[in-house]
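K.L.:
got a predicted structure plus its sequence, pasted below:
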Amino acid sequence: GFTEPPADSSSIGGSDKYDIYVEKLGAGVLGLTFPFSTIGDNPNSNSLIEKNASISFIKMRNDYSLIQNHSQVETIQFTSSHEFFHAIQFGYDVKEKNWLMESTATWIVDEVYDDNNQGVDYFKTWFKIPYVSLDATQAESFNHWYGSWIFFRYISEHLGGHSTIKKIWEKSVKYDGKIKDYSFVVIDEALVSVGSSFKEAFKKFALSNLYQTEAPYNYEEADLYPAIKITRNFFQTKKGNNYSSKKHSSRYFRIFPNVLPGTSDEIEFTVTPDNINTEIELIVTTKTSGIIDVANSSINGGKIIYTLQNSSTKGEIYAIVVNLDTVKTNITLDVSYKGNLVQLSNSGNYNYGRISDNYYIYKYSRQYNDNNGDPHTDFIINRYNLRFGYVFDYTFSDTNGLEAYLAKTQGDMFVIADETNTGLQKNYGLHFVSIKELAGEFSLKQFPAVDYNRMFFYGNLTISSDVFTGIYSTDLTTGNPQTDRKSVV
């Protein structure tokens, strides 16, 4: 176990037993631990030589009946174990940083009283602001250091149990906490002794806070924890997204799969920090059919670039920007969807779901008999604007056997139909168009490709003069996707 706190040798309380006083405390104060006298070495430790061990005593309040959401017994359990762990900490280094003291003193409660989950209350705020530094002061984020006990919960569940936390405090006696902040140094040394490091642990910790119930990142009591805060969802190409990246923090982004994949089904991530010397990493993680894959990327040439292949086959995609440094920076995150193209069939109902920040798109078939009793099949595509609530509705008539592709660019979407006479009805807007009708001869084997606001084609394509801006003709068979001609209205 941990080293006992040093006895007071009758200097307080009339005996050398540890002193706990029960009295009226200020509103909201559950308990307090006071250092009384710094003695240097703790005589209760056999193999350690402490520099800043201190005698201490505890004050507990005399009435816990007004504490909300928890019974008096639970609150007394929480307070007594939390405060006595402060006494133990003072026996190692009373000058250690407050965040390390408060977070590990909150962690110990769950170790001593497994059914006491009062410490989880701090997660309600902590999990909403993972972009705040793990060691944030009270001035930076009030009570954040109490919620940071989740990091030590991760360590005790995944990296050696409570003995690793003990090693952290044993390592602390090597350094003089009153001179400099060595808190992350001692954490790193303790984790190295169990085959890890602070940086490696912090990256996996970021994943555990995302997945929580999924092995190998799961927490034992994850059903009590809130979901981690997602800074932003991405459905399409978005560039120039600026965020702060504080020291020892993480930002989470949900990336929706490329639901309109083409010949190049990729999503490219670019992270550019203002300070290129800041140690940040990009974690791109996917989960498909219960299988989690993780890719870590570091700064190279002043930025991080990572390309996720076959994004349309992924069930869930997340990007996590982790700051492993001791300084903050600002970052720019670019997310680029590549090759947005998919074949649409003309049978059955199929919902593509949300494909951008503002739009749903879906298609369906309508079969009917005309006044003469002749059968018809219409292929209908709708785009629904989430912001304004109206629908762009386009119909291809008599589409038995129709092959069509839907291509999405940054600004426009195009339907490319492999029939000359599809009877396209444009009920609203110009965002969908039959390239076949406008461009004359065209084979779907030429596989249009989309990059940002441009559409390219394999092979030669003759585009008539009435094609609107945004259609580009380029022979991609040469491997050079540079625009060689375009048509402008």
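P.N.:
On my side now, so go ahead.
K.L.:
break down the stretch 151-300 of the chain into its strands, ranges please.
P.N.:
Assigned by DSSP state E, counting those that start in this stretch, the stretch 151-300 of the chain shows strands spanning 232-234, 238-245, 249-255, 261-273, 280-288, 291-298.
K.L.:
contacts for the first one?
P.N.:
Pointing back at strand 232-234 there. Under the criterion C-beta atoms under 8 Å, 6 or more residues apart in numbering, residues 241, 253-256, 335 lie in contact with strand 232-234. Every residue, glycine included, has its C-beta placed from N, CA and C.
K.L.:
biggest separation within those, which pair?
P.N.:
N241 and F256 (15.2 Å; C-beta to C-beta).
K.L.:
which one of the two has more residues nearby?
P.N.:
Under the neighbour definition other C-beta atoms under 10 Å, N241 and F256 were set side by side, and F256 has more, 19 against 15.
K.L.:
not counting sequence-adjacent ones, nearest residue to the more buried one?
P.N.:
For F256, ignoring the flanking residues on the chain, the nearest one in space by C-beta to C-beta, 6 or more residues apart in numbering is F235 at 4.9 Å.
K.L.:
and the one you found, how far from S71?
P.N.:
46 Å (C-beta to C-beta, to the nearest Å).
K.L.:
of the two, who's got more company?
P.N.:
The neighbour comparison of F235 against S71 (other C-beta under 10 Å) goes to F235, with 20 against 13.
K.L.:
elements contacting the top helix by length along the chain?
P.N.:
Secondary structure of the chain per DSSP state H: the longest helix is helix 72-93. Identification of packing neighbours for helix 72-93 by 3 or more C-beta pairs under 8 Å, 6 or more residues apart in numbering; DSSP states H and E yields strand 31-40, strand 53-61, helix 98-112, helix 162-172.
K.L.:
check which residues of the shortest one are buried.
P.N.:
Of the residues in strand 53-61, those scored as buried under the neighbour-count criterion (16 or more other C-beta atoms under 10 Å) are 53-61.
K.L.:
which residue is the nearest non-sequential neighbour of L308?
P.N.:
Closest residue to L308 apart from its sequence neighbours, by C-beta to C-beta, 6+ apart: I267 at 4.7 Å.
K.L.:
and the one you found, what are its bridge partners?
P.N.:
Assessed by DSSP bridges, I267 has beta-bridge partners L308, Y337.
K.L.:
for it, grab the count of nearby residues.
P.N.:
27.
K.L.:
surely it meets I305?
P.N.:
No - applying C-beta atoms under 8 Å as the test, I267 and I305 come out as separate, 11.9 Å apart.
K.L.:
returning to what we had before: closest to Y92 among the contacts of strand 232-234?
P.N.:
Y92 lies nearest to F253 out of those, by C-beta to C-beta, at 39.2 Å.
K.L.:
quick one: the closest one and F235 touch, right?
P.N.:
No - assessed by C-beta under 8 Å, F253 is found out of contact with F235, at 11.6 Å.
K.L.:
skip the chain neighbours and tell me the closest residue to F36.
P.N.:
Per C-beta to C-beta, 6+ apart, closest to F36 is I55, 4.6 Å.
K.L.:
name the helix or strand for Y18, please.
P.N.:
Counting by DSSP states H and E, no helix or strand carries Y18.
K.L.:
so how far is H86 from it?
P.N.:
From Y18 across to H86, the span is 12 Å (C-beta to C-beta).
K.L.:
more neighbours: these two, which one.
P.N.:
Using other C-beta under 10 Å as the criterion, Y18 and H86 rank with H86 on top: 23 against 17.
K.L.:
roughly how far apart are that one and Q72?
P.N.:
Counting by C-beta to C-beta, the gap from H86 to Q72 is 21 Å.
K.L.:
same thing with F184?
P.N.:
For F184, the distance to Q72 - C-beta to C-beta - is 37 Å.
K.L.:
so if I had to pick from the two, which one is more boxed in?
P.N.:
The neighbour comparison of F184 against Q72 (other C-beta under 10 Å) goes to F184, with 19 against 12.
K.L.:
OK, contacts around the more buried one?
P.N.:
Here F184 is in contact with 135, 198, 248, 326 (C-beta under 8 Å, 6+ apart).
K.L.:
what number of residues lie near the nearest residue to Y122 once chain neighbours are set aside?
P.N.:
Leaving aside its sequence neighbours, Y122 sits nearest to G147 (C-beta to C-beta, 6+ apart; 3.7 Å). Other residues within reach of G147, judged by other C-beta under 10 Å, total 26.
K.L.:
in a strand, Q367, correct?
P.N.:
Yes - under DSSP: H, G, I helix; E, B strand; the rest coil, Q367 falls within a strand.
K.L.:
so who does it touch?
P.N.:
By C-beta under 8 Å, 6+ apart, Q367 lies in contact with 375-378.
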